[in-house]
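Visitor: Below: sequence and its predicted model.
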Amino acid sequence: MTFWEHLGELRTRLIRVFLYIVVAATLGWYTFPVVNTVLIEPGRHLFAIHHIPWIYTSFYGPFYLRFQVAIIMAVAYALPFILGEIWGFTGPALMPHERKWVYFVTPLAVLFFLLGAASGYLVMQPAISWFLGYVPTGQVVLQSAPDFIVFECKCILAFGLVFELPVVLMFLAMVRVINSEMLKKQWRYAVCLLVVIASIVTPSNDPGTMAAMSLPLLVLYVVSIFLVQITEKMCGRGPKAAHTEDPLQSG
């Protein structure tokens with residue numbers, strides 16, 4: 001294809017992506033009641049116990065909340081189709097062994113992100129309980145529904161992103177920046193770095209949420225060592241590798 005033909009194909013795919021998002025946003029708008037019920041569930045029981053009402057600070061607050069959630073859900077709903085368009089545009093330019101890497105890494109990236117997002121959702125209830133422990137006796141809390149949902153979405157996104165650690169380390173191993181032996185020897189520094197990362201990306205910065213993010217990260221670091229070893233074997237490297245040829249390139 002010529003340069004202009006590539007531009008034409010890119011324009012067509014961008015238009016499709018825009019249409020996917022519009023349709024997904026419409027779907028997100030009409031599924032808001034269900035999504036809203038799921039999002040407020042971690043705090044609903046605790047707020048009821050402490051007699052904390054859900055409030056809006058402006059008359060247009062409910063509309064903007066529904067609009068924001070619809071946009072967030074639009075990205076989630078349309079993401080498989082968007083990734084399909086990206087793959088359709090970039091796939092033909094990849095070598096066969098590079099396509100095999102995409103087929104191997106993409107499912108892992110999706111899996112780890114979903115695990116992280118689920119962890120972020122599950123940690124919300126103990127985080128809320130920890131925060132409510134600081135409410136002085138005799139004082140009343142009024143909870144803004146938009147603030148709570150936006151905070152929860154940030155927490156879920158943060159957990160989903162940091163759970164991509166194994167995929168990032170696999171990529172670094174593939175391009176020979178790190179190796180499994182390095183990860184084993186430098187584990188003390190890695191633990192300190194992961195704790196710092198957890199403290200930075202955690203939206204609330206409370207000890208409970210930070211611990212809930214740090215502990216899975218440490219487990220993921222151990223898992224990453226095994227995944228990096230698999231990556232090295234697939235690239236024909238590692239302490240037991242007999243040759244340096246990438247077996248994927250033979251396909």
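Guide: Great, that's in hand. Numbering: from 1, shown residues only.
Visitor: now the helices: where do they sit in this structure?
Guide: 3-30, 32-49, 61-90, 96-122, 124-132, 145-162, 165-174, 180-185, 187-201, 207-234 (DSSP state H).
Visitor: domains of this structure?
Guide: 1-93, 104-251 (automatic domain parsing).
Visitor: Distance to G138 added to the helices of the chain, as JSON lines?
Guide: The way it works is simple: take the backbone N, C-alpha and C, and place the C-beta from them, glycine included. Formatted as JSON lines, these follow (distance: least, C-beta to C-beta, whole Å):
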{"stretch": "helix 3-30", "distance to G138": "41"}
{"stretch": "helix 32-49", "distance to G138": "17"}
{"stretch": "helix 61-90", "distance to G138": "28"}
{"stretch": "helix 96-122", "distance to G138": "32"}
{"stretch": "helix 124-132", "distance to G138": "14"}
{"stretch": "helix 145-162", "distance to G138": "23"}
{"stretch": "helix 165-174", "distance to G138": "44"}
{"stretch": "helix 180-185", "distance to G138": "52"}
{"stretch": "helix 187-201", "distance to G138": "32"}
{"stretch": "helix 207-234", "distance to G138": "25"}
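Visitor: looking at those, which is closest to Q139?
Guide: With distances scored as C-beta to C-beta, the stretch of those nearest to Q139 is helix 124-132 (11.4 Å).
Visitor: and that closest one, average pLDDT?
Guide: Mean per-residue pLDDT for helix 124-132: 85.
Visitor: got it, and stretch 168-180?
Guide: Stretch 168-180 comes out at a mean pLDDT of 81.
Visitor: The residue positioned nearest the centre of the chain: what's it in contact with?
Guide: In the chain, the residue lying closest to the centroid (C-alpha atoms, centre = their mean) is G160, at 2.5 Å. Applying C-beta atoms under 8 Å, 6 or more residues apart in numbering to G160 gives the contacts F113, L114, G116, A117, G120.
Visitor: Thank you kindly, that will do.
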